[in-house]
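Asks: My questions concern the predicted model and sequence given below.
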Amino acid sequence: MQKDSVLEMRGISKSFYSVKALQNVDFTLREGEIHALMGENGAGKSTLIKVLTGVYEKDEGEVYLKGVEGAVHIKSPEDAQNLGISTVYQEITLCPNLTVAENMYIGRGKAKITRWRKMNSDATRILESLQIPAKADQQLGTCSIAVQQMVAIARAVDMDCKVLILDEPTSSLDENEVAKLFKLMLDLKSRGVGIIFVTHFLDQVYEVCDRITVLRDGKLVGEYAIENLPRVELVSKMLGKELDDLSEIKSSDGSDEVLGEVIYKADGLSSIASNPFNFEIHKGEVNGFTGLLGSGRSESVRAIFGADKVTGGKVHIDGKDVHISRPREAMKYGIGYLPEDRKRDGIVGDLSVRENIILALQVMKGFFGPISRAKAEEFADKYIKLLEIKTESPDTPIKSLSGGNQQKVILARWLLTNPQYLILDEPTRGIDIGTKIEIQKLVLDLAKEGKSVTFISSEIDEMLRTCSKLYVMRDGKQVGEISGEGLTQTNVMNTIAGGGN
Amino acid sequence: MKEIANKKSGLKTATQLMRKQIFIPIAALLILVLFNLIADPSFFQINYAKNSAGDPVLSGYLITILDNASELAILAIGMTLVTAASGGQDISVGAAIAISGSVVLRVLCGDNPRPEEMQASILTAFLVSCLVSMLFGAFNGTLVAYFNIQPMIATLILYTAGRSIAAWINNNRLPIISDPVFGYFGTFIPGIPIPTPIFIAAACMIIIALVLKFTTLGLYTQAVGINPNSAKLNGINPQLIKFITYVIMGLCVAVAGFIKVTRFSTINYSVVAADIEMDAILAVALGGNALSGGRFSMVSSILGAYVIQFLTTTLFKFNVSSSALPAYKAIVVIVLVIISAPTVREKLSKFWKRIQTSRIRKEAA
């Protein structure tokens, strides 16, 4: 083992049935460094992390830790924790109805009796030293997601961890919160903690990381110091091919195109979750809602689709007055909706890929018109091929697919219904770059076919690349519309922030 | 080499079967069959015998199993759907059977508990009891689907009140139907040597098979059970689906209750179908279905019902007294349920795979 490393993984292999998820992968983490683990969906990042944290048992290979003689055997998450390996997952795995302090100390220590006062004062001390804006006796659920995430990290740090794994910690945070998290990470780094950072956001990698390990198809591509690996090279290493220029997706400037007639128009539409807003979309147009997380952009599209109870406003489709109060009605008018939270609202986890693909079309066909098995298989095969969905078979439960492939299945579900108007809420979140670009291309292709698409993304450059008009939301209110010449990064940012415009 | 390849494919199908849900009830059934074969092969004999009416009918333990499992198999259908959609169980079915049976008798007898002739046609009585049972199912369904009450708590109400409602329907009297035609449904139709309940159960199975094939009930209940949010955003009405499964459960109860009263041409409110809800839930569990809802296999559940009856009859055959029966049953059930737990199954199939591969390796070497 090298002197300055805290963790070394050598020749790790892991298979699931016939699929080789990891093949002979090496990974080294040094003391006091932030090390990005990068790769597309299905590259083996999660598997490697799960081997390290004892969720999976490795088939082959060795793991060495600083201060431990010989190879360590990690058979359960508890083992990992005792060895000083802590993980903070994308989804908060704490208990929202317990206090912050309780969450930090739950399930730790052998003492049968809890000394509440000591626990609270200890927690306060740690929170203060890490500058986390939470009180020890506050219910965790009342904190923002970012703070909850920080509490999870505080818990990990206090357990005297040498290795801290952050698995997509930033995907549900806004920029401010990300900055706070980074400050905490850098603070921990200076204390000598080795941090493994798994993320899809390239910007963030280049902002805080020291080193990058790239995986592809379960194999190690290489380990690089950040200064030696320009972005373009990182991307091409992840994809395994030279990338065609990202900026050339949009064939022509959307503002120059002659738009078709208005197919959907909302006047003062509001739901129990959203304030009144105005919105319209033309045939063959791609537009978008933008704003920070929680600005009301998702709530707006949910109102359009009838996902939340509609409380007021007028809706015109193809010029006719209509009333949409349930998703089923929206679907009848040819509207499709890919929800923001894939896991909670999108996938039906235990159902197969095939059943997930046909679900929406099946509902439209009605209770007495089941799609035959043969037809369903035909549809599934078609879209698995078309969208290059990586799945063992159409019968595989969707929950065992990687995030990006799950997203493609949900996309396939709506494409199959042949919608006139498709709403995509964060279709590219938590998805690797290759798939991201495919989805963006797909959106523009749909528009070329005369379909209309509303696109929501946290990444503004993605929105600028695809949309010809942006509706800007702030604090639950519609604060602006930007189109044509105004579609620049600075302009959009200013409008979101409320500075200019 | 070819041999190894063959073995490998054989191994694959074996492990695949292990992982299939239907493996558990089939395995349980095989074990019971094997046990009986070894202990006393005469268990499987089927003879012609004269029944109490003097008609020649088939008799034997197998016939008894098929006959007595009818109600349970029918209830397993409803329980499977309820479990899948609402992630909970209906514990009121035993009490609801008492109600539906009581309704049948009330319609047939009118105010006189010992009528010379029936006051209405049997079909009318059956249809009225279907309606009443579905109403009670709708009551349960409303509580579960629209008031979001946990199924077990929601159905606890009817569980508690059901048998007294049943007694109240007939003013606490025990009507007896003397017309032999009424008894045909629960025993034998003259000239047909197979017990009628077997036909009724078969009919129910055919109907549910057709429903699952020609409607989207199966997909919808599973989708709702797995992820109601997503189901809703795909245009399904999760509340309505949950509600419907409870109404279907009501219908199953009516049919099972009808068989129960026609078996004896009378009813005992406090004893009829006692604890049958637990057997019905057990059938679903034995079928390898998650009691927390979601994915289900109807065939496995129904098979589970027959396994339970097979077990009961086997125990009777070996002269286990009826008071000790539940204890014996419990032991067997514990074993079956542990084997059918997904974690154990996964371990078993892994273990099996290891043995097989090591054997193949040895032979290859």
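Replies: Sure, I can see it. For clarity, every value in this text was computed on a predicted model and none was experimentally measured. Numbering: from 1, shown residues only, chains lettered A, B, ... in the order given.
Asks: Counting neighbours, which bits of the top helix by length along chain B end up buried?
Replies: Identified as the longest helix of chain B according to DSSP state H is helix B:238-264. Buried residues in helix B:238-264, counted by 16 or more other C-beta atoms under 10 Å in any protein chain shown: B:238-239, B:241-263. Where you see a C-beta, it was placed from the backbone N, CA and C, and this is true even at glycine.
Asks: Stretch A:1-10 too?
Replies: Applying 16+ other C-beta under 10 Å to stretch A:1-10 flags A:5-10 as buried.
Asks: Need the three-state assignment for B:Ala49.
Replies: Of the three states, B:Ala49 takes strand under DSSP: H, G, I helix; E, B strand; the rest coil.
Asks: and it, bridged to which residues?
Replies: Partner residues in beta bridges with B:Ala49, using DSSP bridges, are B:Val57.
Asks: can you pull the pLDDT of it?
Replies: pLDDT recorded at B:Ala49 is 85.
Asks: So for chain A, the centremost residue is which one?
Replies: By C-alpha atoms, centre = their mean, the mean C-alpha position of chain A lies nearest to A:Gly430, the distance being 2.8 Å.
Asks: mind checking how far that residue is from A:Phe197?
Replies: A:Gly430 sits 15 Å away from A:Phe197, going by C-beta to C-beta, to the nearest Å.
Asks: do A:Phe277 as well
Replies: 37 Å.
Asks: can you tell me how far A:Ile398 sits from B:Asn237?
Replies: 22 Å.
Asks: Settle it for me: which of the two has more neighbours?
Replies: Neighbours were counted for A:Ile398 and for B:Asn237 using other C-beta atoms under 10 Å in any protein chain shown; A:Ile398 has more, 24 against 18.
Asks: show me what contacts that one?
Replies: Residues in contact with A:Ile398 (C-beta atoms under 8 Å, 6 or more residues apart in numbering or on different chains) are A:347-349, A:351-353, A:356, A:406, A:409.
Asks: Secondary structure added to the buried residues of stretch A:1-10, as CSV?
Replies: CSV is the format used below for these (three-state DSSP):
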residue, secondary structure
A:Ser5, strand
A:Val6, strand
A:Leu7, strand
A:Glu8, strand
A:Met9, strand
A:Arg10, strand
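Asks: Of those, which ones also sit close to chain B?
Replies: The subset of the buried residues of stretch A:1-10 within reach of chain B, by C-beta under 8 Å from any C-beta of the partner chain, is empty.
Asks: Quickly name whichever of those residues is closest to chain B.
Replies: Nearest to chain B among the buried residues of stretch A:1-10: A:Met9, at 24.2 Å, using C-beta to the nearest C-beta.
Asks: so the closest one makes contact with A:Leu65?
Replies: No. At 10.0 Å, A:Met9 does not count as touching A:Leu65 under the criterion of C-beta atoms under 8 Å.
Asks: separation between B:Pro195 and chain A?
Replies: 34 Å (C-beta to the nearest C-beta, to the nearest Å).
Asks: Just give me the neighbour total for that residue.
Replies: Counted with other C-beta under 10 Å, B:Pro195 comes out at 25.
Asks: That one contacts B:Thr187, doesn't it?
Replies: Yes. The pair B:Pro195 / B:Thr187 is scored as a contact, 6.6 Å apart, by C-beta under 8 Å.
Asks: quick one: which helix or strand includes the closest residue to B:Ile169 other than its chain neighbours?
Replies: Of all residues not flanking B:Ile169 in the chain, B:Ser102 sits nearest, at 4.4 Å (C-beta to C-beta, 6 or more residues apart in numbering or on different chains). Using DSSP states H and E, B:Ser102 maps to helix B:93-109.
Asks: How far off centre is that helix?
Replies: 19 Å (C-alpha atoms, centre = their mean, to the nearest Å).
Asks: List the contacts of B:Ser133.
Replies: B:96, B:99-100, B:103, B:250-251, B:253-254, B:257.
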